[in-house]
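Student: Fold the following.
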Amino acid sequence: QVQLVESGGGLVQAGGSLRLACAASGLTFGNYAMGWFRQAPGKEREFVAAINWSGSSTYYADSVKGRFTISRDNAKNTVYLQMASLKPEDTGVYYCAARNAISRQIEVASYKYTTWGQGTQLTVSS
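Tutor: Presented below is the predicted three-dimensional model:
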């Protein structure tokens, strides 16, 4: 059974930092590109960051570029999202997602991802 489990969310003050993790099981992790998406209350799910299967290629939404860093450890079947200089508008449920692809190409569209985690809540207070 393919499963993605996010962790690391919580309550943090504006300007703070936090690291999310997403542990994958039931799949050959190194064959999958990974992405992070988020959904704020009353808003649609939006792309945050993505990384290709090897970690050689990454891409960020403009809203988080320079503040967030996506990385992966294929030996641990885990993808991370290091977040810094957090803002209240970063508040939302953060989801990790996987797509079976071995290439440098990065996809930002959510429908390209076939497996999703249950999400972890991040709240940034002002």
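Student: Identify the residue spatially nearest to the spatially most central residue of the chain, adjacent ones excluded.
Tutor: The centroid of the chain falls nearest to residue 36 when counting by CA atoms, centre = their mean (2.3 Å). Taking CB to CB, 6 or more residues apart in numbering, and ignoring the residues beside it in sequence, residue 36 has residue 48 as its nearest neighbour in space, at 4.3 Å. In short, each C-beta sits where N, CA and C put it, glycine included.
Student: so who does that neighbour touch?
Tutor: 35, 36, 37, 38, 60, 61, 64, 68, 81, 94 (CB atoms under 8 Å, 6 or more residues apart in numbering).
Student: repeat that with 7 Å
Tutor: With CB atoms under 7 Å, 6 or more residues apart in numbering as the criterion, the residues that contact residue 48 are 36, 37, 38, 61, 64, 68.
Student: now residue 29
Tutor: Under the criterion of CB under 7 Å, 6+ apart, the neighbours of residue 29 are 74, 77.
Student: on that earlier part again, now the residue nearest to the centre of the chain: which helix or strand?
Tutor: Using DSSP states H and E, the secondary-structure element containing residue 36 is strand 32-39.
Student: Flag every buried residue along whichever helix or strand comes after that strand.
Tutor: Beyond strand 32-39 on the C-terminal side, the first helix or strand identified by DSSP H and E is strand 46-51. For strand 46-51, the buried set under the neighbour-count rule, 16 or more other CB atoms under 10 Å, comprises 47, 48, 49, 50, 51.
Student: what do you get for stretch 112-125?
Tutor: In terms of neighbour count (16+ other CB under 10 Å), stretch 112-125 has its buried residues at 113, 115, 116, 117, 119, 120, 122, 124.
Student: Just the closest of those residues to residue 27, please.
Tutor: The shortest gap between residue 27 and any of these belongs to residue 115, at 7.3 Å (CB to CB).
Student: The closest one is in contact with residue 95, isn't it?
Tutor: No. In this structure, residue 115 is not within contact of residue 95 by CB atoms under 7 Å, at 10.5 Å.
Student: where exactly do the strands run in this structure?
Tutor: Using DSSP state E, the strands found in the chain span residues 3-7, 10-13, 18-25, 32-39, 46-51, 58-60, 68-73, 78-83, 92-100, 115-116, 120-125.
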